[in-house]
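>>> The following comprises the amino acid sequence and a computationally predicted model.
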Amino acid sequence: MTTDRRVLVHPDRATLAGSVAARFVTKLIDLIDDEGEAHVVLTGGSVGIEVLAAIAHSPARDSIDWDAVHLWWGDERWLPRGDADRNETQARTALIDHIAIPAENVHPFPASDEGLELDAAAEAYAAELARFGRDGAEHPRFAIMFLGVGPDGHIASLFPERPGPLVSDRTVIAVHDSPKPPAGRLSLTVPVIRATERVWLVLAGADKAPALGLALAEADPASVPAAAALGTKRTVFFVDTEAAADVPESLRTPPSYWTGAMETHDWMPSSWEPSDYRRS
Ligand SMILES: O=C(O)[C@H](O)[C@@H](O)[C@H](O)[C@H](O)COP(=O)(O)O
């Protein structure tokens with residue numbers, strides 16, 4: 001586990017989404033070359049879905065061997081299959097419907113109209129995770145996990161001052177009283193997030209600035225769940241200038257650096273690192 005966090009600041013959310021998409025495509029190609037497969041966790045939320053749409057628009061997306069990719073979700077809203085507010089539905093519309101990924105490689109959470117109660121649905125998803133765990137692991141080895149961040153600092157459906165961020169004995173929880181609608185939700189837990197190799201947090205807008213500042217200051221995860229988001233290899237906050245308002249100037253990438261950068265991202269080698277800044 002590394003506690004190293006990086007903050008990459010982009011001039012606006014469109015540039016942010018394009019930058020993350022470009023990095024995702026190149027990283028995924030490398031991961032599949034090296035390891036033969038990659039398990040990826042998607043997020044709901046506006047920025048997370050914009051990233052997926054940007055991946056769909058990347059000319060390089062067809063260079064990915066999607067047969068080797070498994071898609072999972074960090075959380076889901078307890079709604080009927082196909083509901084426009086389900087994270088799964090939005091991800092399918094933005095990306096999955098446009099790529100040649102086998103249906104069995106897509107692992108959505110159960111939906112509310114499939115005959116399960118919410119708690120049983122959490123257990124069912126935990127069982128699906130365990131089916132792909134190697135050597136008795138409770139879940140697959142996740143190569144990349146996307147996470148959105150709420151203005152209150154929540155990630156996935158782990159909300160501040162609720163039991164969720166503190167759960168450590170399960171991989172999946174049912175949330176019955178989410179402060180963000182709908183009330184019913186399913187979520188991966190912190191131990192799964194922290195077992196992930198690369199945690200990529202995507203956030204934009206001035207209302208996210210306090211949460212970002214507190215997460216970087218390593219606030220108590222019970223109050224700021226985003227502070228618990230750490231990957232075993234890399235933790236990156238992809239943000240826009242508005243969300244970065246509370247990030248010290250010394251840690252920010254100058255917006256001018258990014259101007260025009262999008263035209264070149266699609267073909268940049270995966271070893272390319274923008275002028276990101278480490279915290280220490
Ligand atoms: O189902 C959801 O709502 C989420 O997965 C949630 O954790 C989301 O990612 C954040 O609330 C950020 O959402 P925005 O980017 O829309 O602010």
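Structure's in. What do you need?
>>> which non-adjacent residue is nearest the residue of the stretch 51-200 of the chain found nearest the ligand?
Closest contact between the stretch 51-200 of the chain and the ligand, by CB to the nearest ligand atom, is at residue 148 (2.2 Å). Yep, even glycine has a C-beta here, placed from its N, CA and C like the rest. Among residues not flanking residue 148 along the chain, residue 45 sits closest, at 3.1 Å (CB to CB, 6 or more residues apart in numbering).
>>> What's the separation between the one you found and the ligand?
According to CB to the nearest ligand atom, to the nearest Å, residue 45 and the ligand sit 3 Å apart.
>>> Next, that residue: phi, psi?
Main-chain dihedrals, residue 45, degrees, to the nearest 10: phi 100, psi 160.
>>> Distance from the chain centre to the helix or strand residue 31 falls within, please.
Per DSSP states H and E, residue 31 falls inside helix 13-35. Helix 13-35 has its C-alpha centroid displaced from the chain centroid by 13 Å (CA atoms, centre = their mean, to the nearest Å).
>>> Which positions in it come out as buried?
Burial within helix 13-35, assessed by neighbour count using 16 or more other CB atoms under 10 Å, is assigned to 13, 15-29, 31-32.
>>> Give me the contact status of it with the ligand.
No - contact of helix 13-35 with the ligand (CB under 6 Å from any ligand atom) is absent, the minimum separation being 9.3 Å.
>>> counting contacts, what elements does that helix pack onto?
strand 5-10, strand 38-42, helix 46-57, strand 142-148, strand 198-203, strand 234-240, helix 262-265 (3 or more CB pairs under 8 Å, 6 or more residues apart in numbering; DSSP states H and E).
>>> worst average pLDDT in those?
Note on the helices and strands packed on helix 13-35: lowest mean pLDDT is at helix 262-265, with a mean of 36.
>>> quick one on the thing from earlier: contacting residues for the residue nearest to residue 148?
Counting by CB atoms under 8 Å, 6 or more residues apart in numbering, residue 45 makes contact with 87, 148, 150, 202.
>>> Before we move on, what's the pLDDT of it?
96.
>>> Distance-wise, check it relative to residue 153.
According to CB to CB, to the nearest Å, residue 45 and residue 153 sit 13 Å apart.
>>> Show me whatever sits in contact with both of those two.
Counting by CB under 8 Å, 6+ apart, nothing touches both residue 45 and residue 153.
>>> Residue 149 against residue 201, yeah?
Yes - counting by CB atoms under 8 Å, residue 149 touches residue 201, with 5.7 Å between them.
>>> At the contact with the ligand, which residues of this protein appear?
43-48, 75, 77, 87, 148-150, 154-156, 180.
>>> ok, 5 Å please
43, 44, 45, 46, 47, 75, 148, 150 (CB under 5 Å from any ligand atom).
>>> What count of nearby residues applies to the second one?
Using other CB atoms under 10 Å, residue 44 has 26 other residues around it.
>>> Three-state assignment for it, please.
Here residue 44 is coil, with the state taken from DSSP: H, G, I helix; E, B strand; the rest coil.
>>> The nearest residue to it once chain neighbours are set aside: what's it in contact with?
Nearest non-adjacent residue to residue 44, counting by CB to CB, 6+ apart: residue 87, 3.2 Å away. Going by CB under 8 Å, 6+ apart, residue 87 touches 42, 43, 44, 45, 48, 73, 75, 76, 77.
>>> and the gap between the residue nearest to residue 148 and residue 166?
22 Å.
>>> got it, and residue 247?
27 Å.
>>> Look at the two and report which has more neighbours.
residue 247 (21 against 13).
>>> in terms of contact, does the more buried one touch residue 216 like I think?
Yes - checked against CB under 8 Å, the pair residue 247 and residue 216 is within contact range at 6.5 Å.
>>> joint contacts of these two?
residue 7.
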